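Engineer: Here is my input, please return the structure:
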Amino acid sequence: EDKICRILEKIIKRNIALELNTVYLKSREGQYNFSLDKILSLYKHLGGNMVTLGSDAHNRNDVARNFADATSLLKVCGFDSVYYFENRRPKKIMLEKG
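Structural biologist: This next block holds a predicted model:
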């Protein structure tokens with residue numbers, strides 16, 4: 001946990017976005033990877049707010065796979081937005097409330 005904390009602190013200090021890769025959101029058995037909530041909550045607690053979503057898609061059917069679950073997880077961890085980059089500049093997208 002100390003190593004993860006130090007890495008997250010460096011990411012935050014350098015204003016680097018944290019990617020939530022949704023391919024790892026669930027195991028092959030469909031169970032949530034609960035270590036993600038701990039890491040995301042720690043990132044938020046340390047002052048991080050810039051999270052991007054990636055589905056690691058290799059075909060069009062997998063584009064945005066598990067994004068709905070990912071945004072729900074982010075809300076539970078205290079986030080109200082996600083980011084994407086346009087011309088290397090972060091753009092914020094507010095998450096729907098509810």
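Engineer: use CA for all of it now, contacts and neighbours both
Structural biologist: Will do.
Engineer: Dead centre of this protein: give me the residue that sits there.
Structural biologist: Residue closest to the mean C-alpha point of the chain, counted by CA atoms, centre = their mean, is residue 20 at 3.1 Å.
Engineer: Not counting its neighbours along the chain, what's nearest that residue?
Structural biologist: residue 53 (5.0 Å; CA to CA, 6 or more residues apart in numbering).
Engineer: quick one: residue 36 and residue 93, what's the gap?
Structural biologist: Residue 36 sits 21 Å away from residue 93, taking CA to CA, to the nearest Å as the criterion.
Engineer: Kindly report the same for residue 55.
Structural biologist: Residue 55 is 17 Å from residue 93, by CA to CA.
Engineer: Compare the two (neighbour count), which wins?
Structural biologist: residue 55 (18 against 12; other CA atoms under 10 Å).
Engineer: What is the neighbour count of the closest residue to residue 94 other than its chain neighbours?
Structural biologist: Leaving aside its sequence neighbours, residue 94 sits nearest to residue 81 (CA to CA, 6+ apart; 4.2 Å). Residues contacting residue 81 under the criterion other CA under 10 Å number 17.
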